[in-house]
Every structure is written in C-alpha cells, then in structure tokens.
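Peer 1: give me the fold of what follows.
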Amino acid sequence: MPGSRNPVVITLQLYLFSLLSMAMIGAIVPFIPAISHDFGVAPSRVGLGIALFSVPSALFATLGGALIDRLGARLIILAAGVATVIGDLVASRAGGVGMFYVAMLAGGMGMAGIAVGAPTLMVAALQGGVRTRAMAFLSTYAPTGYACGLLLAIPFTAAVAWRSALVVHAILAALITALGVALLPSPPVVRRMEGAVRAPHWIGVFRHWPALRLGLAVGLPNGIAYGTSLVAPSYLARLHDVSLAASSGAVAGAKVVALLLGGIVTGHLLARHQAAWRMFALMALLGMIAQITFFLPQSSFLVSVAALIVWLFAFGGMSGVAMTMLPSVVATPSQRGATAGLLNQFISVVSFAAPSTYFAVSGWSEYAFLAVAGLCISAAVIPGGRLTPARVAA
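Peer 2: Model prediction:
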C-alpha cells in the first residue's frame, strides 16, 4: 500500500483535503457584496454561484462513487485537489459572473471527489474502533471548513481583497495535494478483482433501503447546518446590533470548537458500541432546543452564541453517528464508493436547496420550524441497531 499506513496521518490528510474543499465557500461568503459590485450584478447572482458549488455532487456523487470503486479513491482525491486549485485560480481572475460560475463548478467538482473519496478511502484503509473514531472526526469537515474559510477571509476584508483570499486558498490546496501524493495510501480496488463494472451493479445502491434511510438522515441536518451558517452572521449582527466582523468571528470560532468536540466525543462513544440510533435521536433533540434558542429574539448575544455552540456540537454528533454507520449500510465491499456517493448526493441536493430556502425566510419562527421539522424526519428514518464489532468490520 503506497503512502503512509499511520491512521493518524491518513485521518489528518483526508480531513485537511475535505476541510479546504469546503473552505472555498467560507472564503467567498463575506465578499458577496463586493463581488456583486465588481461584476455589476445583484447579490443573488453571486448566491447562485454558491449554489452551483453543490451541483456536481448533487448530480454525479453516486456515479462518481462508482468511478472511485473502479479507479481507486486515491486517484480521485488527488484529481479533486487539482480541481479545487483550478476553481480558486479561475475565480480569482474572473472578470464577470459567467467565469465565476465556471470557477464554482470546478470547485464543486473538487468538493464532490473529495467528499466521496475521503470516506471511501478511510473505510478501506482503516479498521475497527480506529475507523469509527476517524470517520466521526471526518464528518465535521463541511461546517468546520466553512468556518476556516471565514477565518481565512477576515485578513482581507478591510481591503475587500477577495481575489487575494482565493489565491491564498489555492496555495493551501496545492500544498495539501502535494502532500497527498506522498502520504495518501492506495488500498486494493475490489472491483478490479471482481471483473468489469456494470451499470446495474452500482445503480443497485438506489434500491438499498438502509443506505437511502441513512442518506436522508444525514442530508437534512447538513442542509439545516448549511442554511444556519449562511444566515447566522447577518442574523446576529442585525438582532444584537454588533458588527458583521464580530458576528462572523463568533460563528467561525463556535464552529471550529463545537464541531470538533462533537465529532471526537461521538466517535469515542460509538467505538464503545453504543446504540447509534439512540445517540442520533438525543443529538437531534438537543439540536432542536439549540436552534429555537439561537433564533429566539429574546435571547441575548451571549445566549445566542452559546446556543450556536450547542447546536454545532449536536450537529457534529449527528454527523459523526451517520458517518460511522456508513460501513454497516454498504451492501457489498465493491459498493463502498457508490454508497458513500449516495450519501453525499443526499447532502448535496439538500445543500443546494438550503441557500434559496433560508434566504427566502426571515422570521425566527420560520427558521425554528425548518430545523425542528428536518431533525424530526432525520431521527425517524435513521437506521436502527448497534455498532457491534461485527458491523464495524462489515
């Protein structure tokens, strides 16, 4: 197996890949007014570009997972890293909204490859409790990556240098890709040993009910988290009369701390073979309470930030549970990539709808209703069972 076999090195490398792929959005969001001004378009046109970032995953994640099953996750992850760099550079030199859309699609292709390839490679390269903890940790990459993008953008906000922020992001993505060439392992590809890949084989994941249930259960909380992330900085600034920089910093800091803590704690508990569905339901209940408290107008700024931390902790726990259940809903080892792609496709479809949905509402009760309804559905459809050693090794 070329590359590192150290579980910590593998986990951190895959996490950094995933983190940077999502940080592209976080680095752009604070500059939406500036980008719309430079391109001479309405902010909603720039928002469409952000939505386009999710389109490649929404359309092709399962098919891409089948491609990973054939070619191997390592190759796809490295290619996705290159696509991320290209998206950054094209966006940084875009002279109009059309080229910006092309850049966002390129970045979305990178996101799609990494989001499906990282868990597939982790399932193949790691085993047992180590894999459970690693996958729970990996599950926090999207909101944490978004928060890191916000932090990356802060030094450039004073000069409104959004192009420079994207160039810095491109440099970081290129460095991680170069490290991946040396450090990422290349587990054997099961499909090559089984013979030719036939389309009906990977299409079968759409008929595998446990995988579909897990996809819906993980997709809805991700959409809620994404929508909350988009509106939280401006909502806090407007409701509590603080600067946008202060609210963005509070949101970013809360994300990094709470999500990492949620993913790590969840992985530790699941490695002890706790009932996964029960943990998911408890985290969903905690998330509902936190969402209502966060958007409640009567909450003070400190209470809102505390509620946001609790929500992100709960979301990290739900994502961790769902990610660690991935091996147990794979029908056959030769469908690891396709199943991971199916879950990512659910996440991407919901995430594509999140910006327009959350920007279309403004009342706290509407935000709370979206969260409560989505989390109730997720808790109802999450596959049951306990992550026993046999299922962890599935």
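Peer 1: and stretch 166-184, C-alpha only, in PDB?
Peer 2: Taking C-alpha atoms only, stretch 166-184 is exported to PDB below (Å, rounded to 0.1, in the frame of the first residue of the first chain):
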ATOM      1  CA  LEU A 166      -8.900  32.900  -3.100                       C
ATOM      2  CA  VAL A 167      -5.200  32.900  -4.300                       C
ATOM      3  CA  VAL A 168      -4.100  32.100  -0.700                       C
ATOM      4  CA  HIS A 169      -6.700  29.300  -0.600                       C
ATOM      5  CA  ALA A 170      -5.400  27.900  -3.900                       C
ATOM      6  CA  ILE A 171      -1.800  27.800  -2.500                       C
ATOM      7  CA  LEU A 172      -3.000  25.900   0.600                       C
ATOM      8  CA  ALA A 173      -5.000  23.500  -1.600                       C
ATOM      9  CA  ALA A 174      -1.900  22.900  -3.800                       C
ATOM     10  CA  LEU A 175       0.300  22.200  -0.800                       C
ATOM     11  CA  ILE A 176      -2.200  19.600   0.600                       C
ATOM     12  CA  THR A 177      -2.500  18.000  -2.800                       C
ATOM     13  CA  ALA A 178       1.300  17.700  -3.000                       C
ATOM     14  CA  LEU A 179       1.400  16.100   0.500                       C
ATOM     15  CA  GLY A 180      -1.400  13.700  -0.600                       C
ATOM     16  CA  VAL A 181       0.800  12.400  -3.400                       C
ATOM     17  CA  ALA A 182       3.400  11.300  -0.800                       C
ATOM     18  CA  LEU A 183       1.100  10.300   2.100                       C
ATOM     19  CA  LEU A 184      -2.200   9.000   0.900                       C
END
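Peer 1: quick check: mean pLDDT across that stretch?
Peer 2: Taken as a whole, stretch 166-184 has an average pLDDT of 93.
Peer 1: then stretch 43-58?
Peer 2: So the average pLDDT for stretch 43-58 ends up being 83.
Peer 1: number the chain from 18, please
Peer 2: Sounds good: first residue 18 from here, last item stretch 60-75.
Peer 1: now it: buried residues?
Peer 2: 62-75 (16 or more other C-beta atoms under 10 Å). All C-beta spots, glycine's among them, are computed from the backbone N, C-alpha and C.
Peer 1: list the contacts of that stretch.
Peer 2: Here stretch 60-75 makes contact (C-beta atoms under 8 Å, 6 or more residues apart in numbering) with 41-42, 45-46, 49-50, 52-53, 56, 114, 117-118, 121-122, 124-126, 128-129, 132-133, 361-362, 364-366, 368-369, 372-373, 376.
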